[in-house]
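Peer 1: Okay, here's the prediction I keep looking at, along with the sequence it came from:
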Amino acid sequence: MKDSRPALSTAASGVCLRKMAFPSYFGARLEESAAAERITAEIHGYFTAKEEKRMKKRPIWCIIFIIFAVLLTGCKEDANMNNENVTNTPDAVVTKTPATDWASVFAALTPAETLKASLYHNPLMTQRLGADPYALVYDGRVYIYMTGDVIETNLDGTPKANSYQKINTINVISSDDLVNWTDHGSVLAAGANGAAKWGGNSWAPAAACKEVDGKMKFFLYFANSGNGIGVLSADSPVGPFTDPIGKALVSRNTPNCANVTWLFDPAVLVDNDGSAYLYVGGGVPGYPPTNDQIEHPHTARVVKLGADMISLDGDPVAIDPPFLFEDSGINRIGDTYYYSYCSNFNVDGHPNAKQYNLANGQICYMTSDSPMGPFTYQGAILKNPGAYFGPGGNNHHCIFEFNGTYYITYHSQILDAPLKTGGGYRCTHIDEVTVNADGSIPMGKGTKTGVAQLKNFDPYTEVNGATMSTMGGINTKAADEITKKYGSGTMTVCDIDDGDWILVKGVDFGTDGAKKFTAGFTCEDGANGAVCVRLDYLKDGKDAAYLPVAGGKQSVAVAEGITGVHNVYFLFAGKGYTFDSWKFEK
């Protein structure tokens, strides 16, 4: 069986997966005899005995020319005969495909293992890790930005605990149903290959969008380890992101920030009037800290941003969240401002802890009638991930509203055990959060089930291939030069082997039904294989279509049509190609 674990890699794309050898159910054996028979048939069909007699009288160069021309024509005709129900778009680069019984091939495949069963919607993705999530709602979609955890290794190649010092990317995914997520890659944020070359790390991103000088702009704020906040900007929520100022936006030299224990974990709010505010900071001072320092660290800051979103309009001022550890969050609900954060790990046993009704590493919130505070403590709303999933660690969140419902996105270390890492590697979840009529927020709950799919998936518009609810075996990588250069943008499914698959849930084909399936591929030399459209179940579902791989966009008829709502598995055979896009037609 193959191993669908994130790679022990620090590749810029951050999207490699470890793969174990998996036996091919076709390949050399199928091609060997077919190729010999094809060449023989082509020569036999084009050269009659009379032509062969005439050829004997021709010069050798003429014979070679004729043989070459005939073989070329025969290959094209043979490819068409072997795939009578397959059509190629005019710009397709057609490759030879052996006449293969794809039904038998796919029936024999063993699907790759997965890190997330199909009934679960958490974590959001498993092709990469992702921590410290932040949500941006824009144009009917939710964009999630995450710290790009990468698995670190010892000299002997074994995984070791996360030091957080190798992190210099920000992962981006988006969805309009909160179940099927499109992978937009990993922003190259910091380090030698990143946009902010002055910074070494890119932790805990926060995102916002605002019209600046008549044009919508998108901003990513991130922590350079625990020593400052950087900002990147773009014209799209998926980039390309660049550094507009070439230095930290908030640093130890910023007034009232030199004594902040950890100058990190930004949150950003664009208020109804267009003014914007940045929230940063965390940590408990003192070694060891006193009880008063534990209860009142005074290490959070808020500052108004300039109209351009990349400058400060005034000096940061202190906020006093009780038992603060890290993880600023900010929301406006009605006319009330909600500041949320993670409590520190010195709460349990503290003499004043009971009055706050909280424990170690929980998400808490405060309220104010001003974005600058002062804020009044209200209570805890999410326990430490360890209370729900076993492994604990830090707690990091973002609350957002989408289509009239409030959600909380947070991370857990639920993948550490199946990945057999050294510990401390995070993945992102989403669950609902309740806001009562009086504005209070009760304690929520972290789950594997996650949220229900908000709407059915439309299969009749072109879909990026790297869109999925869960997967087995595959990786994703940049699909174009811009994405390769900047890290985020358009991705494609790659590193495909026999039995790999992706799942798109809740696909609505309607009553008329789908009659045609089209997919886009990019092929390497010698690429071969096919994609199977399998409905409802990975192992025992109904196969609706088989589409052999060739370069460009290829189409195949769906013989019986597909109606109604189905979970759709795209099951792959072969290798040497990427799965770029797909679409059904009525």
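Peer 2: Sure, I can see it.
Peer 1: how about the helices in the stretch 301-450 of the chain?
Peer 2: For the stretch 301-450 of the chain, applying DSSP state H, counting those that start in this stretch gives helices covering 386-389, 416-419.
Peer 1: go on, the stretch 451-586 of the chain?
Peer 2: 481-486.
Peer 1: cool, and the stretch 51-200 of the chain?
Peer 2: 60-82, 102-108.
Peer 1: if you average pLDDT over each of the ones you listed, which comes out lowest?
Peer 2: Ranked by mean pLDDT, the helices of the stretch 51-200 of the chain bottom out at helix 60-82, which scores a mean of 37.
Peer 1: so what's the spatially most central residue of the chain up against?
Peer 2: In the chain, the residue lying closest to the centroid (CA atoms, centre = their mean) is Asp183, at 3.8 Å. By CB atoms under 8 Å, 6 or more residues apart in numbering, the contact list for Asp183 reads Val15, Met125, Gln127, Arg128, Ile173, Asn464, Ala466, Thr467, Met468, Thr476, Met491. Bear in mind the C-beta positions are built from the backbone N, C-alpha and C, glycine included.
Peer 1: count of residues packed around Met366?
Peer 2: The number of residues packed near Met366 is 21, by other CB atoms under 10 Å.
Peer 1: Can you tell me the closest non-neighbouring residue to it?
Peer 2: Phe375 (3.7 Å; CB to CB, 6 or more residues apart in numbering).
Peer 1: Verify the contact between that neighbour and Leu324 for me.
Peer 2: No: here Phe375 lies out of contact with Leu324, judged by CB atoms under 8 Å, at a distance of 11.2 Å.
Peer 1: Tell me which of these two has more neighbours.
Peer 2: With neighbours defined as other CB under 10 Å, Phe375 and Leu324 compare such that Leu324 has more, 26 against 23.
Peer 1: circling back to that earlier point, for Val435, see how far away the residue nearest to Met366 is.
Peer 2: 17 Å (CB to CB, to the nearest Å).
Peer 1: Kindly report the same for Thr114.
Peer 2: Thr114 is 34 Å from Val435, by CB to CB.
Peer 1: go on, Asn168?
Peer 2: Asn168 is 36 Å from Val435, by CB to CB.
Peer 1: Regarding Leu269, which helix or strand does it belong to?
Peer 2: With the criterion set as DSSP states H and E, the secondary-structure element containing Leu269 is strand 267-270.
Peer 1: need the next SSE after that strand, C-terminal direction.
Peer 2: Sequence-wise, the next helix or strand downstream of strand 267-270 (DSSP H and E) is strand 276-281.
Peer 1: show me where pLDDT drops low in the stretch 1-150 of the chain?
Peer 2: Along the stretch 1-150 of the chain, segments meeting pLDDT under 70 span 1-99.
Peer 1: My guess is Gly513 contacts His566. True?
Peer 2: No: using CB under 8 Å, Gly513 is not in contact with His566, being 11.1 Å away.
Peer 1: quick one: which of those two has more around it?
Peer 2: Using other CB under 10 Å as the criterion, Gly513 and His566 rank with His566 on top: 25 against 14.
Peer 1: can you count the residues close to the spatially closest residue to Val493 that is not a sequence neighbour?
Peer 2: Among residues not flanking Val493 along the chain, Phe579 sits closest, at 4.0 Å (CB to CB, 6+ apart). For Phe579, the neighbour count with other CB under 10 Å is 24.
Peer 1: swap in Glu585?
Peer 2: Glu585 has 13 nearby residues by other CB under 10 Å.
Peer 1: likewise Thr290?
Peer 2: Quick note: Thr290 (other CB under 10 Å) scores 11 neighbours.
Peer 1: ok, it to Thr518 distance?
Peer 2: From Thr290 to Thr518 the distance is 67 Å (CB to CB).
Peer 1: cool, Val317 as well?
Peer 2: Distance from Val317 to Thr518, by CB to CB: 57 Å.
Peer 1: swap in Ile502?
Peer 2: In terms of CB to CB, Ile502 sits 16 Å off from Thr518.
Peer 1: Next: Val231.
Peer 2: In terms of CB to CB, Val231 sits 41 Å off from Thr518.
Peer 1: which of those two has more neighbours?
Peer 2: Higher neighbour count among Val231 and Thr518: Val231, with 26 against 17, using other CB under 10 Å.
Peer 1: Now that one. Nearest residue, chain neighbours left out?
Peer 2: Setting aside the residues directly before and after it, Val231 is nearest to Leu249 in space (CB to CB, 6+ apart), at 4.7 Å.
Peer 1: Ser469 and Asn180 touch, don't they?
Peer 2: Yes: using CB under 8 Å, Ser469 is in contact with Asn180, at 5.1 Å.
Peer 1: who has more neighbours, these two?
Peer 2: Ranked by neighbour count (other CB under 10 Å), Ser469 and Asn180 place Ser469 first, with 24 against 21.
Peer 1: quick one: the closest residue to the more buried one other than its chain neighbours from His121, how far?
Peer 2: Closest residue to Ser469 apart from its sequence neighbours, by CB to CB, 6+ apart: Lys505 at 4.4 Å. The spacing between Lys505 and His121, counted by CB to CB, is 8 Å.
Peer 1: shared neighbours, those two?
Peer 2: Val179, Gln453, Ser469.
Peer 1: for the second one, what are its contacts?
Peer 2: By CB under 8 Å, 6+ apart, the contact set of Gln453 is His121, Asp177, Leu178, Val179, Asn180, Lys505, Gly506.
Peer 1: Excluding chain neighbours, what is closest to it?
Peer 2: Val179 is the one closest to Gln453 (CB to CB, 6+ apart), at 4.2 Å.
Peer 1: so that neighbour touches Lys505, yeah?
Peer 2: Yes: using CB under 8 Å, Val179 is in contact with Lys505, at 5.4 Å.
Peer 1: what sits in contact with each of those two?
Peer 2: With CB under 8 Å, 6+ apart as the test, Val179 and Lys505 both reach Gln453, Ser469.
Peer 1: residues touching Phe400, list them.
Peer 2: So Phe400 contacts Ala135, Leu136, Val137, Val142, Asn331, Tyr406, Tyr407, Thr409 (CB under 8 Å, 6+ apart).
Peer 1: So what sits opposite it in the bridge?
Peer 2: Tyr407 (DSSP bridges).
Peer 1: separation between it and Asn475?
Peer 2: For Phe400, the distance to Asn475 - CB to CB - is 28 Å.
Peer 1: Just grab the bridge partners of Gly329 for me.
Peer 2: According to DSSP bridges, beta-bridge pairing links Gly329 with Ser340.
Peer 1: contacting residues around it?
Peer 2: Ala267, Tyr279, Tyr338, Tyr339, Ser340, Tyr341, Ile363, Tyr365, His397, Cys398, Ile399.
Peer 1: try Phe218
Peer 2: Leu136, Tyr138, Ala207, Ala208, Cys209, Ser233, Ala234, Asp235, Ser236, Pro237, Phe241.
Peer 1: now with 10 Å?
Peer 2: 136, 138, 143, 207-210, 232-239, 241, 309 (CB atoms under 10 Å, 6 or more residues apart in numbering).
Peer 1: Please list only the buried members of the residues you listed.
Peer 2: 136, 143, 207-210, 232-234, 237-239, 241, 309 (16 or more other CB atoms under 10 Å).
Peer 1: Just give the closest residue to Thr563, not the sequence neighbours.
Peer 2: Going by CB to CB, 6+ apart, Thr563 has Gly513 as its nearest residue, at 4.0 Å.
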